[in-house]
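# got a predicted structure here, sequence first:
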Amino acid sequence: MKKIGFLLSALAFFSSCDDGDLVFDELNFSNKEIQTCQSLYYKINGKELLLVNLSNNSNGIVLDENAPLNQVQSIATNSTNQIIYRTYSDNVSPSTICSAIPPAQPVVVSEYISNPGGLIQYIRRSNVGFSNNKATINYNFTINFNNLTLSNDISEIKYENYSFGTIVYRSNMLNFQFTNFSVCMDQLISADSDEELILQLTSPFSFPNQSGEVSYALSSNQFILYHLYEGSIVNQDACSPKNNVLKEQWMATQGEYVIRTTEVVNAVTQNVDALKHEVFLRNVTFVKEGLSFHISELKIQEQTQPI
């Protein structure tokens with residue numbers, strides 16, 4: 001943050017006080033994507049820059065990634081939380097904004113800084129899609145400005161409402177591929193890498209001991225939890241709570257958890273040496289915070305147990 005503060009100060013130092021080259025109609029960034037650099041959120045349009053600077057925020061929070069979904073959060077513009085509009089002598093690039101040592105070119109031709117009393121408002125949203133046997137969850141911020149006045153002490157740019165845009169700040173993926181089972185009393189737990197799937201039952205679990213298909217109908221008392229963690233959980237006790245930060249928790253109370261068991265016959269002796277258990281999710285709907293995705297049928301795991 002110190003680097004960014006230095007950069008902004010340095011750019012301001014090189015700013016020209018002559019606005020003679022600026023012909024302003026309106027802020028024209030609607031089709032430009034939001035980019036980030038630590039605590040800066042910005043858009044570039046050729047020689048123009050529109051930037052939200054939160055680098056001096058006293059509590060260290062930029063846009064809160066833990067804010068409640070779909071609720072408006074507000075940050076007041078002041079001497080540290082600023083919206084800045086600039087024009088440059090030439091086209092702007094991310095290195096112009098984010099370099100610890102700013103390049104010599106381009107230089108700032110004009111700069112407008114937000115007056116106190118405006119609002120930087122944002123809403124944290126998420127969406128989920130299921131394809132290729134994987135669920136992808138995207139988290140984004142939609143940012144708007146309210147009661148915005150940008151000033152260069154000579155003239156002003158005013159907007160009652162201005163839509164800055166939407167930026168995806170994190171994507172998580174649920175892979176639905178597991179390599180082992182753990183029986184934990186009334187739970188059957190599948191885990192791999194940073195993910196686990198828990199079948200919560202109303203009675204102790206045991207694998208089928210003969211060929212056939214066993215189906216567990218999901219309900220509010222018999223359900224599936226899908227966990228995605230920060231970092232690997234492979235070396236942790238499967239039946240104990242994990243030490244890692246939990247990134248995602250999805251729950252399914254509709255559909256079926258299916259175990260299909262077949263005999264494995266020894267080709268030489270013709271004896272049944274093992275039972276192969278294949279796990280399927282059938283017509284399962286996972287939900288989280290008002291979002292959902294549906295799986296018609298998906299094989300997620302298989303394991304062979306010697307007899």
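Arrived safely. Residues are numbered from 1 along each chain as shown.

# CA only for contacts and neighbour counts going forward, please
Noted.

# low-confidence bits of the chain, can you list those?
1-25, 55-61 (pLDDT under 70).

# show me the domain layout of it.
2-171, 175-306 (automatic domain parsing).

# so what's the gap between stretch 109-127 and the chain middle?
21 Å (Cα atoms, centre = their mean, to the nearest Å).

# just the endpoints, please. Distance across it?
40 Å (Cα to Cα, to the nearest Å).

# buried residues in that stretch?
109-116, 118-126 (16 or more other Cα atoms under 10 Å).

# likewise for stretch 261-279?
T261, T262, E263, V264, A274, L275, K276, H277, E278, V279.

# can I assume the first one is in contact with S215?
No: with contact defined as Cα atoms under 8 Å, T261 does not count as touching S215 (11.2 Å).

# count the residues that sit near S99.
14 (other Cα atoms under 10 Å).

# same question, the one 4 residues further on
The burial count assigned to P103 is 12, neighbours taken as other Cα under 10 Å.

# spatially nearest residue to it, not counting backbone neighbours?
T96 (6.3 Å; Cα to Cα, 6 or more residues apart in numbering).

# again with L246
Nearest to L246 is Y229, by Cα to Cα, 6+ apart, at 4.6 Å.

# look up how far L54 lies from the one you found.
29 Å.

# also A238?
For A238, the distance to L54 - Cα to Cα - is 42 Å.

# and the two? which has more neighbours close in?
Higher neighbour count among A238 and L54: L54, with 23 against 18, using other Cα under 10 Å.

# for the more buried one, which non-adjacent residue is spatially closest?
N81 (4.9 Å).

# what about that neighbour, how many residues nearby?
22.

# L51 is in contact with that one, correct?
No: using Cα under 8 Å, N81 is not in contact with L51, being 10.7 Å away.

# okay, helices next: where are they in the stretch 101-250 of the chain?
Taking DSSP state H, counting those that start in this stretch, the stretch 101-250 of the chain contains no helices at all.

# for the nearest residue to T166 once chain neighbours are set aside, give the beta-bridge partners.
Leaving aside its chain neighbours, T166 sits nearest to T142 (4.2 Å; criterion: Cα to Cα, 6+ apart). Beta-bridge partners for T142, by DSSP bridges, are I123, T166.

# residues in contact with T142?
Y122, I123, R124, R125, F164, G165, T166, I167 (Cα atoms under 8 Å, 6 or more residues apart in numbering).

# look up how far T142 lies from the fourth one.
The span separating R125 from T142 equals 8 Å under the rule Cα to Cα.

# could you pull out the strands for the stretch 101-250 of the chain?
108-114, 119-131, 134-151, 156-174, 181-184, 187-192, 195-200, 212-217, 223-229, 246-265 (DSSP state E, counting those that start in this stretch).

# list the buried ones in the third one?
To tie it back to what came earlier, the one meant is strand 134-151. 135, 137-151.

# quick one: which of these is nearest Q210?
A135 (33.0 Å; Cα to Cα).

# circling back to that earlier point, can you list the contacts of T142 in JSON lines and add distance to L298?
Formatted as JSON lines, these follow (distance: Cα to Cα, whole Å):
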{"residue": "Y122", "distance to L298": "37"}
{"residue": "I123", "distance to L298": "34"}
{"residue": "R124", "distance to L298": "31"}
{"residue": "R125", "distance to L298": "28"}
{"residue": "F164", "distance to L298": "40"}
{"residue": "G165", "distance to L298": "37"}
{"residue": "T166", "distance to L298": "33"}
{"residue": "I167", "distance to L298": "32"}
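
# hmm, which two among the residues you listed are most spread apart?
R125 and F164 (15.3 Å).

# list the contacts for the closest residue to I189 other than its chain neighbours?
Of all residues not flanking I189 in the chain, I198 sits nearest, at 4.6 Å (Cα to Cα, 6+ apart). Counting by Cα under 8 Å, 6+ apart, I198 touches Q187, L188, I189, S190, I224, L225, Y226.

# among these, name the buried ones.
Q187, L188, I189, S190, I224, L225, Y226.

# what sits up against stretch 123-135?
65, 67-73, 136-143, 173-176, 291-294, 298.

# swap in 7 Å and give it another go.
Residues from elsewhere that reach stretch 123-135 (Cα atoms under 7 Å, 6 or more residues apart in numbering): 67, 69-73, 136-143, 173-176, 291, 293.
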